[in-house]
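**Student:** give the three-dimensional model of this entry:
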Amino acid sequence: MAISKQYKNELVKLYKKWLNDSDALIVTHYQGLTVNAISELRADIRATDGEFHIIKNTLAKIAFDEAEREWEQAYFTGPTAMGISFGNPSGLAKAIKDFVKESDALVIKGGYLADEMISIEKINALANLPTMDEMRAKLLQTIKAPASQLTRLFAEPGRQLAAVLKAYSEKEPAAVEAA
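**Tutor:** The predicted structure is shown next:
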């Protein structure tokens with residue numbers, strides 16, 4: 001079924017919006033993927049603040065050209081879908097990489113981190129990075145560690161004095177009088 005020129009223009013605008021608003025894109029080949037599998041993948045990606053869309057190759061090429069983004073011809077051949085991250089690039093890469101392990105029907109073609117084209121190896125490295133929540137927890141631990149050490153340092157003399165007084169109070173009364 002042919003689509004109207006107006007609808008094609010709207011799709012190109014949408015693709016350009018995704019290019020401009022995203023912080024990462026992963027282009028995939030999805031031949032043989034079932035509707036249920038795509039829905040499952042979309043749910044996993046949605047949990048990482050991203051989206052997964054099937055795209056039209058010719059319109060995607062136009063959008064990439066208009067957005068002045070470099071692209072490879074191999075990205076836009078065959079059934080193509082694109083994972084889009086709006087705030088968690090490593091989460092998007094991890095969700096797609098995990099799905100690729102389970103399904104032979106999805107193949108990563110390449111991607112973009114911000115405006116830079118990245119290889120499959122870099123996408124895999126991005127997937128191995130800790131999540132944003134893990135990074136925040138590590139940062140909080142790093143910030144909190146000196147304060148905890150300082151608190152222990154200030155509490156130590158008082159603890160030592162309390163231990164001496166307790167030991168002195170537990171001595172035999174005769175030993176105290178002899179002293």
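**Student:** use CA for all of it now, contacts and neighbours both
**Tutor:** Will do.
**Student:** just the element for residue 144, please.
**Tutor:** Element membership for residue 144 (DSSP states H and E) is helix 132-169.
**Student:** may I see the buried residues of that helix?
**Tutor:** Within helix 132-169, no residue is scored as buried using 16 or more other CA atoms under 10 Å.
**Student:** off-centre distance for that helix?
**Tutor:** Centroid separation between helix 132-169 and its chain, computed with CA atoms, centre = their mean, to the nearest Å, is 33 Å.
**Student:** for residue 83, which three-state class applies?
**Tutor:** State at residue 83, reduced to three classes by DSSP: H, G, I helix; E, B strand; the rest coil: strand.
**Student:** that one - how many residues pack around it?
**Tutor:** Applying other CA atoms under 10 Å, we find 25 residues neighbouring residue 83.
**Student:** dump the residue contacts of it.
**Tutor:** Residues counted as contacts of residue 83 (CA atoms under 8 Å, 6 or more residues apart in numbering) are 25-28, 45, 50-53, 92, 96.
**Student:** ok so, going back, avg pLDDT for the helix holding residue 144?
**Tutor:** The average pLDDT within helix 132-169 is 80.
**Student:** what does stretch 49-60 give?
**Tutor:** Stretch 49-60 comes out at a mean pLDDT of 95.
**Student:** repeat for stretch 65-75
**Tutor:** 90.
**Student:** let's see it as PDB, backbone CA atoms only.
**Tutor:** Written as PDB, here are the backbone C-alpha positions of stretch 65-75 (Å, rounded to 0.1, in the frame of the first residue of the first chain):
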ATOM      1  CA  ASP A  65      20.800  13.800   5.300                       C
ATOM      2  CA  GLU A  66      18.600  16.700   6.400                       C
ATOM      3  CA  ALA A  67      20.000  16.400  10.000                       C
ATOM      4  CA  GLU A  68      23.500  16.400   8.500                       C
ATOM      5  CA  ARG A  69      24.400  13.100  10.100                       C
ATOM      6  CA  GLU A  70      26.700  10.600   8.500                       C
ATOM      7  CA  TRP A  71      25.400   7.200   7.800                       C
ATOM      8  CA  GLU A  72      26.400   3.900   6.100                       C
ATOM      9  CA  GLN A  73      24.400   2.300   3.300                       C
ATOM     10  CA  ALA A  74      24.400  -1.000   5.200                       C
ATOM     11  CA  TYR A  75      22.400   0.600   8.000                       C
END
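**Student:** for the helix holding residue 144, packing partners?
**Tutor:** With contacts taken as 3 or more CA pairs under 8 Å, 6 or more residues apart in numbering; DSSP states H and E, helix 132-169 sits against no other helix or strand.
**Student:** could you check how far residue 4 is from residue 10?
**Tutor:** 10 Å (CA to CA, to the nearest Å).
**Student:** would you confirm that residue 53 contacts residue 60?
**Tutor:** No: using CA atoms under 8 Å, residue 53 is not in contact with residue 60; the gap is 11.7 Å.
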